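> Show me the folded form of this:
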Amino acid sequence: MRQYRGQIEGGICVRRREDYLENSERRYFVLNGKAHAAQGEVPALVNECAALIDSRFFSVDVVLRADGVLRLVELGDGQVSDRKEWSAQRFAAMLGAAD
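So this is what the prediction gives:
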């Protein structure tokens, strides 16, 4: 990384390879500390992120590991997050219900 970028920004994270279930990744949005799902319930892991991260708006991507354990794979600041499985109507309703 240093050779091509000149420096390493924010450090390096190395983790064990995990097997994820295909097509199990889901995106949730957190708005004003409350987690929202495109459909269904918000997993406890996502609610934990909502409580811990001090940001008005961000996305949380989770995926199921092959053994059924839910894993956090990405937190985003919402600038480049698409809606993925969210309909435009559901996303607008979430924004409209913000306190």
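
> any idea which helix or strand of this structure has the worst average confidence?
helix 2-5 (a mean of 69; mean pLDDT, DSSP states H and E).

> Just the buried positions in stretch 28-41, please.
Residues of stretch 28-41 classed as buried by neighbour count (16 or more other CB atoms under 10 Å): 28, 29, 30, 31, 35, 36, 37, 38. Quick note: C-beta positions are derived from backbone N, CA and C, even for glycine.

> er, stretch 84-98 actually
Of the residues in stretch 84-98, 86, 94 count as buried by neighbour count, 16+ other CB under 10 Å.

> Just give me the residue right at the centre of this protein.
The centroid of the chain falls nearest to residue 60 when counting by CA atoms, centre = their mean (1.4 Å).

> isn't that one right up against residue 44?
No. Here residue 60 does not reach residue 44: they are 11.9 Å apart, not a contact under CB atoms under 8 Å.

> Relative to the whole chain's centre, how far out is the helix or strand harbouring the residue nearest to the centre of the chain?
Using DSSP states H and E, residue 60 sits within strand 57-64. Averaging C-alpha positions (CA atoms, centre = their mean, to the nearest Å) puts strand 57-64 1 Å from its chain's average.

> What pairs with it, parallel or antiparallel?
The pairing partners recorded for strand 57-64 under DSSP bridges are strand 26-31 (antiparallel), strand 70-76 (antiparallel).

> Which elements pack onto the following helix or strand past the first one?
Moving toward the C-terminus from strand 26-31, the first helix or strand encountered (DSSP H and E) is strand 34-36. When contacts are defined as 3 or more CB pairs under 8 Å, 6 or more residues apart in numbering; DSSP states H and E, strand 34-36 packs onto strand 26-31, helix 44-52.
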